[in-house]
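Q: From the sequence below, what's the structure:
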Amino acid sequence: MAKTCYVTGKKNMTGNNRPFSLTATKRKWKANLQKVKIVENGETKTVFVSARALKKNNLTRA
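A: The predicted structure is shown next:
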């Protein structure tokens, strides 16, 4: 399963490297995902959450 943010749904982006000669080679931009334990419905879950979502949202962490 691909890593995606549990809160925002962010995941890896793809595109091309473009040097001066304009030859295109594939590359990836990885989302800044952190493994976090949260409490949801009385159960402890381990999920991936983006760093920005950790700052903004107040998740109930275990």
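
Q: mind listing what the residue lying closest to C5 once chain neighbours are set aside touches?
A: Using CB to CB, 6 or more residues apart in numbering and skipping residues adjacent in sequence, the residue nearest C5 is S50, 4.2 Å away. C-beta coordinates here come from the backbone N, C-alpha and C atoms, glycine included. Applying CB atoms under 8 Å, 6 or more residues apart in numbering, we find S50 in contact with 5, 7-8, 10, 31-34.

Q: Now that we have these, which of them are buried?
A: Under a neighbour-count criterion of 16 or more other CB atoms under 10 Å, the subset of the contacts of S50 counted as buried comprises 5, 7, 10, 31, 33.

Q: which one of those residues is nearest N57?
A: N57 lies nearest to V7 out of the buried ones among the contacts of S50, by CB to CB, at 5.7 Å.

Q: Where do the helices of this structure begin and end?
A: For the chain, the helices identified by DSSP state H occupy 51-56, in order along the chain.

Q: pLDDT at A51, what is it?
A: If you check A51, the pLDDT there is 95.

Q: For it, which non-adjacent residue is spatially closest?
A: Leaving aside its sequence neighbours, A51 is closest to N32 (4.4 Å, by CB to CB, 6+ apart).

Q: I figured that neighbour hits A53, correct?
A: No: at 9.9 Å, N32 and A53 do not qualify as touching, with contact defined as CB atoms under 8 Å.

Q: Overlap of the contact sets of these two?
A: Residues touching both N32 and A53 by CB under 8 Å, 6+ apart: none at all.

Q: pLDDT at the residue of the chain most remote from its centre, what is it?
A: Here the centre of the chain is the reference, and by CA atoms, centre = their mean the most remote residue is S21, at 31.9 Å. Reading off the confidence values, S21 has pLDDT 97.
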